[in-house]
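Engineer: Provided below are the primary sequence and the corresponding predicted coordinates.
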Amino acid sequence: MGTENAPTEKGKKASKGLHDSAHDEERKVEAEKGSHLKKGEERFDERSRSSDGKGVEEKQEE
């Protein structure tokens, strides 16, 4: 649910806090890593590969 879609003011504040926290965490990780985190399909494949060393295509062939 997006910040603007929250039904109550309390929900909007909680959503914004979560969004800001995630943004700050991503910037921290990128600073430690020295480059931007991949987004979308590239990130999915990177995370999949890091878990067991196989890419998405390789897993589908099994």
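Structural biologist: Ah, there it is. Numbering: from 1, shown residues only.
Engineer: so Asp20 is in which element?
Structural biologist: For Asp20, the enclosing helix or strand under DSSP states H and E is helix 9-33.
Engineer: Go through that helix and flag the buried ones.
Structural biologist: Residues of helix 9-33 classed as buried: Lys12, Ser15 (neighbour count, 16 or more other Cβ atoms under 10 Å). Every residue, glycine included, has its C-beta placed from N, CA and C.
Engineer: please begin residue numbering at 41 from this point
Structural biologist: Shifting the count to begin at 41 puts that one at helix 49-73.
Engineer: Need the mean per-residue confidence for that helix.
Structural biologist: Mean pLDDT, computed over helix 49-73, is 86.
Engineer: What helices and strands are in contact with it?
Structural biologist: Packed against helix 49-73 by the contact rule (3 or more Cβ pairs under 8 Å, 6 or more residues apart in numbering; DSSP states H and E) you find no helix or strand.
Engineer: residues contacting Leu58?
Structural biologist: Shown in contact with Leu58 (Cβ atoms under 8 Å, 6 or more residues apart in numbering): no residues.
Engineer: how close does it sit to Ser75?
Structural biologist: 25 Å (Cβ to Cβ, to the nearest Å).
Engineer: Confirm for me that Ala46 is in contact with His59.
Structural biologist: No - using Cβ atoms under 8 Å, Ala46 makes no contact with His59, being 10.9 Å away.
Engineer: Which secondary structure state does Glu98 sit in?
Structural biologist: Three-state call for Glu98 (DSSP: H, G, I helix; E, B strand; the rest coil): helix.
Engineer: Local confidence estimate at it?
Structural biologist: Glu98 carries a pLDDT value of 70.
Engineer: What is the neighbour count of it?
Structural biologist: When neighbours are counted by other Cβ atoms under 10 Å, Glu98 registers 12.
Engineer: Show me the common contact partners of Ala46 and His59, please.
Structural biologist: With Cβ under 8 Å, 6+ apart, Ala46 and His59 have no common neighbours.
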